[in-house]
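Undergrad: Got a predicted structure plus its sequence, pasted below:
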Amino acid sequence: MGLQDILQKILDDASNFSKNALESAKKEIEKIFLDIEEKISEKKNDQEKNFNKKSSGMRKKVENLVTKEFKNKIANEKRKLIIESIELAKKNIFNISKEEKVSIFTSFLKKISENSGKIVPAIGSEQFVQEALRAVNKNFEVLPAKFKNELGFVFVSKKLEISFLFSEILEKEIVPKLDFKISEILFSENVN
């Protein structure tokens, strides 16, 4: 399973999570909106008794205020969903299978054009690095594991240093794409 498949899986999981959370938030906000409408209705009846002419103008103002508040609450809930979806994606990347990790590490190693260099694996990634090196038939020196709470490795040679640590790849490549796609899904729906 390649990085693109994992990205798609993460996007699908995040999209489903976002849609479910959005529906739940919409129901809650609709309930709040109905309560507010009921209060507006009560206020209108009181105002009609005392201020027949002014009640129409006041109702419009209250409705505008309620509508604005409703839209702000929806936007805030959507922002929360984006953050939660990205955090979920970050957690899920560490739960992929051994085979997927080896496959991803293999694809990383294939991107390295250098013939000599050293690999500094993350703690817990050593076995996956060794299997991936055998798969691509490269003889890079593997140094002792260095990075805690991490997955992946860093390649170091005389000419360059490339990080293939998942957290960095997530932050630099996947999260911006994921953030954009989730935003696109959430904010493409009408608030009305």
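TA: On my side now, so go ahead.

Undergrad: helix or strand right after the longest helix seen in the chain?
TA: Using DSSP state H to define each element, the chain has its longest helix at helix 3-50. Counting by DSSP states H and E, the element after helix 3-50 in chain order, helix or strand, is helix 52-93.

Undergrad: what packs against that following helix?
TA: With contacts taken as 3 or more Cβ pairs under 8 Å, 6 or more residues apart in numbering; DSSP states H and E, helix 52-93 sits against helix 3-50, helix 175-187. (C-beta placed from N, C-alpha, C; glycine too.)

Undergrad: picking that back up, counting contacts, what elements does the longest helix of the chain pack onto?
TA: Helix 3-50 is packed against helix 52-93, helix 98-110, helix 175-187, with contacts defined by 3+ Cβ pairs under 8 Å, 6+ apart.

Undergrad: Quickly compare the ones you listed and say which is most buried.
TA: Using mean count of other Cβ atoms under 10 Å, the stretch among the helices and strands packed on helix 3-50 with the greatest mean number of neighbours is helix 98-110 (a mean of 18).

Undergrad: Quick one: distance of it to the chain centre.
TA: Shown here is helix 98-110, whose average C-alpha point lies 23 Å from the average C-alpha point of the whole chain (Cα atoms, centre = their mean, to the nearest Å).

Undergrad: and the next element down the chain from that helix?
TA: strand 118-121.

Undergrad: in its sheet, what does that following strand sit against?
TA: Strand pairing for strand 118-121, using DSSP bridges, gives strand 141-142 (parallel), strand 152-156 (antiparallel).

Undergrad: First-to-last residue distance for stretch 123-141?
TA: With Cα to Cα, to the nearest Å as the measure, the first residue of stretch 123-141 is 16 Å from its last.

Undergrad: Check stretch 165-185 too.
TA: The straight-line separation of the ends of stretch 165-185 (Cα to Cα) is 28 Å.

Undergrad: Measure how far it is from the centre of its chain, please.
TA: Using Cα atoms, centre = their mean, the distance from the centre of stretch 165-185 to the centre of the chain it belongs to is 7 Å.

Undergrad: hmm, back to that, confidence-wise, which of the helices and strands packed on helix 52-93 is weakest overall?
TA: Sorting those by mean pLDDT places helix 175-187 lowest, at a mean of 69.
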